[in-house]
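Asks: Next come a sequence and a model predicted from it.
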Amino acid sequence: MEGMRRDDLLLLTTIGARSGEPRTSPMMFHREGERLFVIGSANGARRDPSWCHNLRARPTVTVEIGRGTYRASAVVLEGAARAGAWSSITAAHPFFHDHETSAAPRVIPVVELVPHEESREDQR
């Protein structure tokens, strides 16, 4: 996929909304300072990816990035918070504009992965 590099990938493990089983998805991420975002574009599909459905039902996730693994809360951004993050994401990765056009009228979810406090301590 255009714009994706190995250094821009993480593994996100959600818990299945119905099954209760762990589901791991490789995906691109965007970093802004210490904040980390994943984008539910599904390459411009008309439906959100299943991992979005899962984290909405159960927002505690596991993030594997580089050599680190930690627990986080997945926060689906809305309103001005989403708009600001989306602007930063599309400036860095313009191909998301094409995804946005293809996905319309669906609004592509932007999810912030907020490390749990104990995970922050483990990363020190």
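Replies: Okay, I see it. Numbering: from 1, shown residues only.
Asks: residues near Arg47, how many?
Replies: By the measure other CB atoms under 10 Å, the count of residues near Arg47 is 11. No exception for glycine: its C-beta is placed from N, CA and C like everyone else's.
Asks: Relative to the whole chain's centre, how far out is the lengthiest helix in the chain?
Replies: Secondary structure assigned by DSSP state H gives helix 79-92 as the longest helix of the chain. Going by CA atoms, centre = their mean, to the nearest Å, the spacing between the C-alpha centre of helix 79-92 and its chain's C-alpha centre is 13 Å.
Asks: So that it lines up with my notes, have the first residue be 54 from now on.
Replies: Okay, residue one is now 54; in that scheme the one you just asked about reads as helix 132-145.
Asks: Give me the next element, helix or strand, following it.
Replies: Downstream of helix 132-145, the first helix or strand assigned by DSSP states H and E is helix 148-156.
Asks: Helix or strand next in line after that following helix, which one?
Replies: By DSSP H and E, the next helix or strand past helix 148-156 is strand 163-168.
Asks: Quick one: list the elements packing against the helix or strand harbouring Thr77.
Replies: Element membership of Thr77, judged by DSSP H and E, is strand 75-85. If you count contacts as 3 or more CB pairs under 8 Å, 6 or more residues apart in numbering; DSSP states H and E, strand 75-85 packs onto strand 62-68, strand 88-92, helix 103-110, helix 132-145.
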